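# pasting the structure only:
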């Protein structure tokens, strides 16, 4: 269940997508000179959030496979991985829905 086709994904920080986006927007507010535009920064943060979500989903699948093969009996790690993946996916879907609603509203504006 990959959300983003990637090769050679490395382990991403244990920061939630919401904290990552919030931190980026706060950094942009505090610095007056930015190398790119605000749209650029938000887009890059969104891509990073999708990568993080994909990483959480992959970790959850790996834990499920280990548990089903009997390689581990630790249900605690399995449940944590599943909850992280579920929360990240719900957040990503909510952001996508908001972006689509904003796009539809902009497209309906009269010029």
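Now that the structure is in, tell me what you want to look at. Nothing here was measured: the structure is a model prediction, and the numbers come from that model.
# quick check: closest non-adjacent residue to residue 64.
Spatial nearest neighbour of residue 64, excluding adjacent residues (C-beta to C-beta, 6 or more residues apart in numbering): residue 78 at 6.7 Å. C-beta coordinates here come from the backbone N, C-alpha and C atoms, glycine included.
# how many neighbours does that neighbour have?
Applying other C-beta atoms under 10 Å, we find 18 residues neighbouring residue 78.
# in the helix or strand hosting it, what counts as buried?
Element membership for residue 78 (DSSP states H and E) is helix 75-107. Neighbour-count burial for helix 75-107, counted by 16 or more other C-beta atoms under 10 Å, picks out 78, 81-82, 84-85, 88-89, 91-92, 95.
# what's that helix packed up against?
Under the contact definition 3 or more C-beta pairs under 8 Å, 6 or more residues apart in numbering; DSSP states H and E, helix 75-107 sits against helix 17-30, helix 38-69.
# lowest-confidence stretch among these?
Mean pLDDT values for those show the minimum at helix 17-30, a mean of 57.
# setting aside sequence neighbours, what's the nearest residue to residue 75?
residue 67 (7.2 Å).
# how many other residues sit next to the one you found?
Number of residues near residue 67 (other C-beta under 10 Å) recorded here: 17.
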